[in-house]
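# Sequence below, structure please.
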Amino acid sequence: VGESVRLTFAPMLGGLRGDGSPLANFELAGDDGVFHEAAARIDGDEVAVTSASVSHPRRVRYCFAATAGVGLWNGAGQPAVPFVREVGQ
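Down below sits the predicted model:
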């Protein structure tokens, strides 16, 4: 299993929320830039993301597929928007 990426969000109204199922639509890429499906879970005020296909993550993205549905909200019901982030070097 690859390294885990931990995402911290700006202070959220009421914290982070999912719909009760595993978080979906997260992907990780390594040095080669190829994104792979990733598992994600809410851990307090962070989201932990990992993929067995990526041993050293360099980028994480959320909700980039044309058919991706939102699965992450704040406590006020506002959805997380699609994003791409660079991670540790």
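# Quick one: the strands in this structure, in order.
Taking DSSP state E, the strands of the chain run over residues 5-8, 16-17, 23-29, 35-43, 46-50, 59-62, 73-74, 83-86.
# Give the other helices and strands that the last one contacts.
Put plainly, it is strand 83-86. Secondary-structure packing of strand 83-86 (3 or more CB pairs under 8 Å, 6 or more residues apart in numbering; DSSP states H and E): strand 59-62. Placement of C-beta: from N, CA and C, glycine included.
# okay, the strands of the chain, which one's buried deepest?
strand 23-29 (a mean of 23; mean count of other CB atoms under 10 Å).
# Just the angle for that strand relative to strand 35-43, thanks.
Using axes from the mean of the first three to the mean of the last three CA atoms, to 10 degrees, one finds that strand 23-29 and strand 35-43 are set 130 degrees apart in direction.
# And strand 23-29, how far out from the chain middle?
5 Å (CA atoms, centre = their mean, to the nearest Å).
# For it, enumerate the helices and strands it packs against.
Packed next to strand 23-29, using 3+ CB pairs under 8 Å, 6+ apart, are strand 35-43, strand 46-50, strand 59-62.
# Need these in JSON lines (columns: distance to Arg85).
Listed next are the helices and strands packed on strand 23-29 as JSON lines, based on distance: least, CB to CB, whole Å:
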{"stretch": "strand 35-43", "distance to Arg85": "12"}
{"stretch": "strand 46-50", "distance to Arg85": "10"}
{"stretch": "strand 59-62", "distance to Arg85": "5"}
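# okay if I get those as TSV plus mean pLDDT?
Formatted as TSV, the helices and strands packed on strand 23-29 follow (pLDDT from 0 to 100):
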stretch	mean pLDDT
strand 35-43	94
strand 46-50	93
strand 59-62	96
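# if we compare those strands, which one ends up closest to Phe9?
The closest of those to Phe9 is strand 46-50. By CB to CB, the value is 7.6 Å.
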